[in-house]
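**Q** here is a sequence together with a model predicted from it:
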2 protein chains.
Amino acid sequence: MDTASRTEALSQRLADSGLRSTPQREVVYDVLLKKRDHPTADEVFARVKPELPTISLATVYNCLETLVACDLVRAVNIERGPTRYCPNLRPHAHFHDVKTGRTHDIDLPPEVLEKVQAVLPKGYKPSSIEITFRGSAGAPVDATGKSTS
Amino acid sequence: MDTASRTEALSQRLADSGLRSTPQREVVYDVLLKKRDHPTADEVFARVKPELPTISLATVYNCLETLVACDLVRAVNIERGPTRYCPNLRPHAHFHDVKTGRTHDIDLPPEVLEKVQAVLPKGYKPSSIEITFRGSAGAPVDATGKSTS
DNA sequence: TTTCTATTTAGAATAGTTCTAATTCTCACT
DNA sequence: AGTGAGAATTAGAACTATTCTAAATAGAAA
């Protein structure tokens, strides 16, 4: 999807919620889509500034909040510290690499989601499920199950 | 397990890490075990004070950090806001009720854990897995899948 | 154009946590 | 029992991330 059609999709979602499409909201959203490394509000601010030099941090917070409210972006709180933002709308888990501090997405097949939901008592219907792994990404594991790194 | 043997277990764990058992650490741990409602540091502080009126908030933070480091307590960050603390060491998920703001534990059977781990690429070995549900606890769901509450 | 409301903005305020430096405690050794 | 070293506690200052506030701006609608 190119920038024009992304903008289109964004405007549509915003309109659905009775909100306006603004340059700030568009650029914040584009920045999230462009580099999907779960940036903090500060990082988004830094990336948006070259494009919109007069934008304020408060606006970045406002835009992020709006995008989350429109279900275009997920707010991610993996550990104490700044909230991070993720424009991936597909069901996915997060792998948080404790060595690098980086987090990446891992697609969740529907059958895994179902299996997880099944642990809930009958009748419980969660509105969302978060799954987060913590560890050293790619650390090979030997036959004894001990990490070799 | 009574308080005496809990204290015993705590001392042991602390000693294993080269740390001392102190009244502050004991009371903080007891408070967590007694009411397992995932309290914040502030809430722990308030519950510990009657027992140890001179304790400081900084000490509560220190004790909690120590207990987490000794693997006796888990720090839980479900959403933006204060970290919460959980002395449940069994594999479990969290159900966060958005109406009441309360969070409760849901045991995770080993086969579900395995199924979830299986989404990771070969060789990845997570050191921990967090699963969090969000929703209205106990909201009955009718045949159409719509919540009736 | 004028008006009305949404949005943005800068800076102040707040919440939660961590840091600092001084004190107190505890243990090991005499 | 007395002493010295390191561990733990304490109060308050500092810090980080976020939210709030009030004024300025921008856009749509009349």
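**A** In hand now; what should we look at?

**Q** in chain A, which residue is closest to the centre?
**A** A:Cys86 (1.3 Å; CA atoms, centre = their mean).

**Q** show me the contacts for the nearest residue to that one once chain neighbours are set aside.
**A** Closest residue to A:Cys86 apart from its sequence neighbours, by CB to CB, 6 or more residues apart in numbering or on different chains: A:Arg74 at 4.7 Å. C-betas here are computed from N, CA, C, even on glycine. Residues near A:Arg74 by CB atoms under 8 Å, 6 or more residues apart in numbering or on different chains: A:Val68, A:Tyr85, A:Cys86, A:Pro87, A:Asn88, A:Leu89.

**Q** and the gap between A:Arg74 and DNA strand C?
**A** 20 Å (CB to the nearest atom of the strand, to the nearest Å).

**Q** ditto for A:Asn77
**A** Counting by CB to the nearest atom of the strand, the gap from A:Asn77 to DNA strand C is 11 Å.

**Q** do the same with A:Arg47
**A** 14 Å.

**Q** check the gap between that residue and B:Asp107 for me.
**A** Separation of A:Arg47 from B:Asp107 (CB to CB, to the nearest Å) stands at 42 Å.

**Q** neighbour-wise, which of these two wins?
**A** Shown here are A:Arg47 and B:Asp107; by other CB atoms under 10 Å in any protein chain shown, A:Arg47 has more neighbours (18 against 11).

**Q** name the element the more buried one belongs to?
**A** Assigned by DSSP states H and E, A:Arg47 belongs to helix A:41-48.

**Q** convert the C-alpha atoms of that helix to CSV, please.
**A** Presented in CSV, the C-alpha positions along helix A:41-48 are these (Å, rounded to 0.1, in the frame of the first residue of the first chain):
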residue,chain,number,x,y,z
ALA,A,41,6.4,8.5,21.8
ASP,A,42,9.8,10.3,22.0
GLU,A,43,11.2,8.3,19.2
VAL,A,44,8.1,9.0,17.1
PHE,A,45,8.5,12.7,17.9
ALA,A,46,12.1,12.6,16.6
ARG,A,47,11.1,10.8,13.4
VAL,A,48,8.2,13.2,12.7
